[in-house]
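Enquirer: give me a 3D structure for the following:
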Amino acid sequence: MSKIEVGVWKPEKAPQNISDIINETLEQQKWVHKERIFETDLQPGLPEVYADYNQIKQVLINLLENAVAYSEAGTRRTINARVVDGMVEVGVSDQGVGIALDDLERIFEKFYRGSHRQQRPRGVGLGLAICQALILAHDGRIWVKSKQGHGSTFYFRLPVATPDDHKGLEHNA
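Expert: Modelled structure (predicted):
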């Protein structure tokens with residue numbers, strides 16, 4: 001987190017296939033959490049995003065780890081992606097305990113862990129703060145919608161790659 005805050009860990013942005021990032025991340029999570037149910041709902045033909053592949057993968061890992069920690073084994077965790085207002089919007093949903101209204105205002109603060117107990121307690125409360133910092137560094141936005149007892153969905157939006165984002169890549173190949 002400190003590397004992000006001082007600008008040392010900057011995104012190395014390039015046009016990326018968001019479906020590839022999602023699918024690779026999900027396959028790893030399925031292997032790590034074999035007893036959990038994971039699904040995708042990806043809009044066909046999603047445009048490329050202008051992003052750092054590994055940093056967006058880290059955002060997804062953090063959000064999926066939270067979805068596992070705050071929901072029961074037999075419930076679903078779903079990643080969806082679609083185009084909204086000229087950006088690619090990704091949502092990570094669970095059917096877990098949800099987030100208390102008082103916690104929603106602080107959920108992205110460093111070291112804040114909320115008032116609900118995790119199914120598998122761990123971490124120090126940096127995961128969502130890291131997600132927010134990484135998404136903001138990509139000129140995106142991140143937010144959450146939640147209902148106690150019914151689960152949460154964390155959303156983020158990333159800019160679509162433009163023809164200018166592809167310039168110079170031919171010379172590097």
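Enquirer: the closest residue to Thr75 other than its chain neighbours: neighbouring residues, count only.
Expert: Excluding the flanking residues, the one nearest Thr75 by Cβ to Cβ, 6 or more residues apart in numbering is Gln95, at 3.8 Å. Where you see a C-beta, it was placed from the backbone N, CA and C, and this is true even at glycine. Counted with other Cβ atoms under 10 Å, residues neighbouring Gln95 total 19.
Enquirer: and Gln95, what is it in contact with?
Expert: Going by Cβ atoms under 8 Å, 6 or more residues apart in numbering, Gln95 touches 71-72, 75-77, 150-151.
Enquirer: assign a three-state SS to the spatially most central residue of the chain, would you?
Expert: Note on the chain: the residue nearest the mean C-alpha position is Leu60, at 3.5 Å, using Cα atoms, centre = their mean. On the three-state scheme (DSSP: H, G, I helix; E, B strand; the rest coil), Leu60 is labelled helix.
Enquirer: that one touches Ile79, doesn't it?
Expert: Yes - with contacts counted by Cβ atoms under 8 Å, Leu60 reaches Ile79, the gap being 7.2 Å.
Enquirer: so what sits against both of the two?
Expert: Shared contacts of Leu60 and Ile79, defined by Cβ under 8 Å, 6+ apart, comprise 22, 26, 90, 92.
Enquirer: looking at these, which is nearest Asn66?
Expert: Lowest distance from Asn66 to these (Cβ to Cβ) belongs to Val92, with 8.2 Å.
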